[in-house]
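**Student:** got a sequence here, can you model it:
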Amino acid sequence: MTAFTTETPPRAASVGTAHTRVEGRDKVTGAARYAGEVPFAGLAHGWLVLSTVARGRIRALDTDPVLAMPGVLAVLDHRNAPRVTTDYTSLMGMRPDLTCAVFQHDRIPHLGWPVALVVAETSEQAREAAEALVV
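**Tutor:** Numbering: from 1, shown residues only. Predicted coordinates for the structure are as follows:
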């Protein structure tokens with residue numbers, strides 16, 4: 001058994017000392033390249049449409065005008081989303097009869113619940129289309 005001591009352990013050499021950030025100058029001058037800026041062929045962007053009500057049901061989703069917008073590839077919602085199997089939800093400790101799986105039913109359990117996902121060629125197109133979706 002070790003005896004209790006009130007001495008403070010010595011500080012590590014890195015604590016409280018200045019460190020040179022190799023990428024610092026590039027970041028603050030705008031010259032740094034981030035992962036989101038790297039072009040990637042065939043990349044699609046998604047933007048969630050979130051519930052604006054605290055509790056309810058989705059009566060209608062008017063996706064036709066959104067699908068006609070430039071760059072929009074798809075709108076995923078409870079009507080066309082792949083079904084999550086009972087085995088999958090039970091593995092995650094969820095009950096499939098409750099509102100636990102996104103895009104699996106028309107129920108909205110709380111404010112900010114995802115009701116649709118708009119997929120487009122650019123992030124800007126996806127966001128604009130998501131904002132135009134009438135739920």
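
**Student:** what about the strands in this structure?
**Tutor:** 45-50, 56-57, 72-77, 107-108, 114-120 (DSSP state E).

**Student:** and the second one, which strands flank it?
**Tutor:** Looking back up the chat, that one is strand 56-57. Sheet pairing for strand 56-57, assigned by DSSP bridges, gives strand 107-108 (antiparallel).

**Student:** which outside residues touch the partner strand?
**Tutor:** Outside strand 107-108, the residues that touch it by CB atoms under 8 Å, 6 or more residues apart in numbering are 51, 53, 54, 55, 56, 57, 58, 99, 115. Where C-beta positions appear, they are placed from N, C-alpha and C, glycine not excepted.

**Student:** name the member of those residues with the most neighbours.
**Tutor:** Ranked by the number of neighbours (other CB atoms under 10 Å), the contacts of strand 107-108 place residue 115 first, at 21 neighbours.

**Student:** residue ranges with poor pLDDT in the protein?
**Tutor:** Applying pLDDT under 70 to the chain flags the ranges 1-13, 85-100.
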